[in-house]
Structure formats: structure tokens, C-alpha cells
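A.B. asks: please find the sequence and the predicted model below.
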2 protein chains.
Amino acid sequence: MSSKKIPEGTVSRLFIYLREITNLVKMNIPTISSAELGDRVNLSDAQLRKDLGYFGQFGVSGSGYDTVELKAALEKILGKDKAWNVAVIGVGHLGLALLTYPGFKEHGLNIVAAFDSNTRRIGRQIKDITVQPIDKADKVIADKKIDIGVIAVPAESSQGVADKLVSAGIKCILNFAPETLTVPGHVRVKDVDLSRELETLTYFLANPGKKS
Amino acid sequence: MSSKKIPEGTVSRLFIYLREITNLVKMNIPTISSAELGDRVNLSDAQLRKDLGYFGQFGVSGSGYDTVELKAALEKILGKDKAWNVAVIGVGHLGLALLTYPGFKEHGLNIVAAFDSNTRRIGRQIKDITVQPIDKADKVIADKKIDIGVIAVPAESSQGVADKLVSAGIKCILNFAPETLTVPGHVRVKDVDLSRELETLTYFLANPGKKS
DNA sequence: TATACTTTGTGAAAGATAGCACAAAGTCTG
DNA sequence: CAGACTTTGTGCTATCTTTCACAAAGTATA
């Protein structure tokens, strides 16, 4: 398989392009140039073309990109033609927000299980999901062929949950707990620390006129 | 003031160091080397030293960093010695999760107002905050000297909300809506797209063995 | 105090990413 | 169908970030 080296940010930007292209298709705009698409997502035309260039040639000189074609191409590159099974661990407010967030299903991400250690929450129904005790995680993850685990528990319990997920054979973890997780090399962890995001903003408030 | 150019990622990593150093202080560990601290947060010792190097010299050759001193230094650099006022716009599940997340207050971020356009939600009490109609945002933001606006509304209404915040004079926006916002140059926007975070993981599931 | 360690801080090298700029390829018009 | 115009794809260059590697500075020990 082609193993050119794809820059870190490219994949993430591809999703931005896809989001905008999807809007364009909905609006029946048949064609768009890299310059205009770039404008719409606040990125340069050159970057957009370069990002796409890692995966092939999708445009037509002189007229730009066919929106329907580009949408299909991006969906294929990004694995949107498949569906993925997701489990949420921790059903506090954040876990609930994730369970009810329509964005996931729209993007081929099916939340198929939820776990919590708090007995008051176990058994609770959210949409078509029943919250299960966390000890069942191993079994359910294997049975339902779950690809991605989302950790939405407090920092103290996050490493323990991660260990459970890893031993259940999960390959990807999205970690909302503000704690650095230690996992084997074959498991990919992506950290989202909500308060760190906010705090980064405060740094710029505290230090006006830094960085580009 | 010193205006060396600080790399994008450095500030974000500083918060990671601070988090870990805070743990160390709690555990009464008086001193730590860059190598060991780096290990704990999965970053290299060299990167850690270089990151700190942008802001001064904090270590002692031969013995490492005094945890209490480094904690204090990082808190000062990162503006943790001040408190910041935050408003949340949109009180769906995500907004609720943010309003009740204890992590913010712990880090000097005071959520002092919440807004929504849905009349069923207006008037609702969450902790000490009453949800207000969104038209009041301009006035409240000015009155309460709010520094940061958090957008947790659906994509369709996000640009409208952003415009309101900007005209109310806000300087920083944390945007959870999956939409590219257009704002004047002096306003800093940070995007957090939860489903994009998950989707980035799916790319790696769909394309095993890419990137470093 | 001298010797053997340890660990920092930082220039210089390597590596990654983004932007420029232009040939090549296509479109459009009369 | 010829000439003017538009827009892509991409080598090259500039910039930004990380890693290397080592002198300088400190610690520890006898």
C-alpha cells in the first residue's frame, strides 16, 4: 500500500474540506476552485491543493473540483464508507453529551455501548443504549466488535479504564480525562482536554501579542 | 515585553507539564529531572527543556527541577494567577457538561453566565447560574466583563452567535460547533470539533500503518 | 579538595510543514 | 481554432519545530 508520509494536520483538514464540500453539494454548487474552497474554511488554496495531492489528483485545470466527485473521494479516503462501533465509558454529563450528540451517527460512528461504575447510572436507558457496569466492558467490546473507546471518566480512574480497554483488544482511544495515559504502542490515543483548550485561550489573554 | 516567538505547541504542552507537576507536589516529591517528567507525560526530555527555555531558566544542573518552584513559575506564565470569566452559549447536553464540569473552576475559569435561545431552557438554574435568553448576551458580557465565550450551539446558529459575541467585545472564543467561523483578526478562535476528533481516529483505523 | 556523576540549557543539525510560483492542462469566446 | 484566461499539481524554498549532542554547572562522596 502507498505509504507516503502524510503530515499530521492534513488528515484533520481533510475532514474540514469534506464538511464544506458536503454543504456545497447540498446547495447544488457543482464545481469549486481551491481558492474559493480555501476561503470558505480559512485555509490557503495552496495548502488545500497540497493536502489533496497526497492522495491523488481530483481537480480539473481551469475549472476546479467537481463537488460531488470530491465529496466521494474524500469519504473514501477518510473511511466514511465504513461504519465504526464506539463505546463510551463514563456516563456523567460529558458522556451523556456524547451519547446524545447527533454528529456521531451522521458521520458513520455508531455508539453501541455505554459503561459506568456508578450503580445509580447502571441500567439507565439513553436512546437505544443501556448503561452497563464497567466490568462487562471486556466481554461487550469483544462481542460487539467495538473499534473505538471514548474515556469520559474522572482523571483518577482513567488509566484503569484504559487498561481494561486495551486488554479487551481495543485499537483506538479518545481520552477526555485530563491525565496522560500509558498504553502499548499499537493503541492510538487521542487526547481532548476541554479545560486545557480553554486554558490555552487564557494564556493568550494573559500574554497579549504573542505568537502569530 | 519579551516577544520571542513561541511555537504553537509549546503553550499547550506547558499545561501538561503543570498538571503533572501539580501531581508531584501533591505527592511531596521535591525534585524531578526533565527525563523523568518527560517520561511521565510521554514527551522527550529535550522538548521539555526547550519548552521551558522559552520562558527562562528553572532547573538546577545535576539535580533537576524543584517541583514547587516550577509549579509556581508555570502558573505565572500561564496566567493561572488570575481568574477569567467565561460565558457558555447553548445549554444542550454539551453546554450542560461544560457548566457542571469541575475542572474549569479548579483552573481559575469561572463560568459566570449561560445563554440559550430555547425558551424551555431559559430560566433554568445550573449551580449558581441562571440560563438567560441569548438577546441579553451583549449586555451581560459587557457588564460582567466576560473574557471568553464558549459556543456550544448547533452549527447553523454558530456564526450568528459568534457575531453577537464579537460585537459585545469578546476577545476569545472556544467553538464546539462544527462550522468554520469568520471573525475579525483581533478575536482568537479555538475550534474543538468532537466528531472530527473521533473521525481522525477512524482514518487511522481505515488506513492502518500511516504517519509516524 | 579532587574525582566521578548527573542534569541543565542551548547552539547547530535534522526533519516536518507551509507557501511560492510557474509549467501544464483545461476552459471560454469570438 | 487561436488566443486569452483560469486553475491545477508540484518542485523548490522558506519557515517553523523537534531532536541531537555537548559544554557548563551543579551534586555526591571520600
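C.D. replies: Nice, I can see it.

A.B. asks: which secondary structure elements does the helix or strand bottoming out on mean pLDDT in chain A sit against?
C.D. replies: One helix or strand of chain A scores below all others by mean pLDDT, DSSP states H and E: helix A:102-106, with a mean of 82. If you count contacts as 3 or more Cβ pairs under 8 Å, 6 or more residues apart in numbering or on different chains; DSSP states H and E, helix A:102-106 packs onto strand A:109-116, helix B:194-206. Backbone N, C-alpha and C define where each C-beta goes, glycine included.

A.B. asks: A:Lys71 touches A:Leu18, doesn't it?
C.D. replies: Yes. Proximity of A:Lys71 to A:Leu18 meets the contact threshold set by Cβ atoms under 8 Å, at 6.8 Å.

A.B. asks: so is the most centrally placed residue in chain A in a helix, a strand, or just coil?
C.D. replies: The centroid of chain A falls nearest to A:Leu174 when counting by Cα atoms, centre = their mean (7.9 Å). Per DSSP: H, G, I helix; E, B strand; the rest coil, the secondary structure class of A:Leu174 is strand.

A.B. asks: kindly provide the distance from it to chain B.
C.D. replies: 6 Å (Cβ to the nearest Cβ, to the nearest Å).

A.B. asks: wait, that residue sits on A:Asp147?
C.D. replies: No. Counting by Cβ under 8 Å, A:Asp147 is not a contact partner of A:Leu174; they are 11.1 Å apart.

A.B. asks: A:Pro12 - that's part of a helix, no?
C.D. replies: Quick fix: residue A:12 reads Ser, not Pro. Yes. Assessed by three-state DSSP, A:Ser12 belongs to a helix.

A.B. asks: next up, the contacts around the nearest residue to it once chain neighbours are set aside.
C.D. replies: Leaving aside its sequence neighbours, A:Ser12 sits nearest to B:Thr200 (Cβ to Cβ, 6 or more residues apart in numbering or on different chains; 5.7 Å). Contacts for B:Thr200 (Cβ atoms under 8 Å, 6 or more residues apart in numbering or on different chains) come out as A:Val11, A:Ser12, A:Phe15, A:Lys190.

A.B. asks: at 10 Å what do you get?
C.D. replies: A:Glu8, A:Val11, A:Ser12, A:Leu14, A:Phe15, A:Leu78, A:Cys172, A:Leu174, A:Arg188, A:Lys190, B:Asp193 (Cβ atoms under 10 Å, 6 or more residues apart in numbering or on different chains).

A.B. asks: cool, and A:Leu18?
C.D. replies: A:Leu70, A:Lys71, A:Ala73, A:Leu74, A:Glu75, A:Ile77, A:Leu78, A:Lys80, A:His107, B:Arg196, B:Glu199.

A.B. asks: ends of stretch A:173-190, what's the gap?
C.D. replies: Using Cα to Cα, to the nearest Å, the span of stretch A:173-190 from its first residue to its last is 6 Å.

A.B. asks: quick one: that stretch to chain centroid distance?
C.D. replies: Using Cα atoms, centre = their mean, to the nearest Å, the mean C-alpha position of stretch A:173-190 is found 14 Å from that of the whole chain.

A.B. asks: and that stretch, what's buried?
C.D. replies: By 16 or more other Cβ atoms under 10 Å in any protein chain shown, the buried positions in stretch A:173-190 come out as A:173-181, A:183, A:187-190.

A.B. asks: what values do phi and psi take at A:Pro133?
C.D. replies: phi -70, psi 150 (degrees, to the nearest 10).

A.B. asks: ok, now A:Ile148?
C.D. replies: According to degrees, to the nearest 10, A:Ile148 has phi -130, psi 130.

A.B. asks: what does the pLDDT read for it?
C.D. replies: If you check A:Ile148, the pLDDT there is 94.

A.B. asks: verify the stated contact: it with A:Asn85.
C.D. replies: Yes. A:Ile148 lies in contact with A:Asn85 (Cβ atoms under 10 Å); the separation is 7.3 Å.

A.B. asks: of these two, which one has the most company?
C.D. replies: Between A:Ile148 and A:Asn85, A:Ile148 has the larger neighbour count (other Cβ atoms under 10 Å in any protein chain shown), namely 23 against 15.

A.B. asks: OK, contacts around the more buried one?
C.D. replies: Neighbours of A:Ile148 in contact, by Cβ under 10 Å, 6+ apart: A:84-88, A:109, A:111, A:165, A:170-174, A:188, A:190, B:198, B:201-202, B:205.

A.B. asks: apply 8 Å and report the result again.
C.D. replies: Contacts of A:Ile148 by Cβ under 8 Å, 6+ apart are A:84-87, A:109, A:170-174, B:198, B:201-202, B:205.

A.B. asks: same check, this time on A:Tyr101
C.D. replies: B:His93, B:Leu94, B:Leu194, B:Ser195.

A.B. asks: neighbour count, distance to A:Val131 and pLDDT added to these, as CSV?
C.D. replies: Supplementary listing: the contacts of A:Tyr101 in CSV, determined by neighbours: other Cβ atoms under 10 Å in any protein chain shown; distance: Cβ to Cβ, whole Å; pLDDT from 0 to 100:
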residue, neighbour count, distance to A:Val131, pLDDT
B:His93, 18, 15, 86
B:Leu94, 25, 19, 88
B:Leu194, 21, 20, 82
B:Ser195, 21, 21, 78
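
A.B. asks: residues of chain A that sit close to DNA strand D?
C.D. replies: Taking Cβ under 7 Å from any atom of the strand as the criterion, chain A approaches DNA strand D at residues A:33-35, A:45-46, A:49-50, A:52-53, A:57-65, A:212.

A.B. asks: of the residues you listed, which belong to strands?
C.D. replies: Of the residues of chain A next to DNA strand D, the ones assigned to strands by DSSP state E are A:Gly59, A:Val60, A:Gly64, A:Tyr65.

A.B. asks: highest neighbour count among the residues you listed?
C.D. replies: A:Tyr65 (25 neighbours).

A.B. asks: surely that residue and A:Gln57 touch.
C.D. replies: No. Counting by Cβ under 8 Å, A:Tyr65 stays clear of A:Gln57, with 10.4 Å between them.
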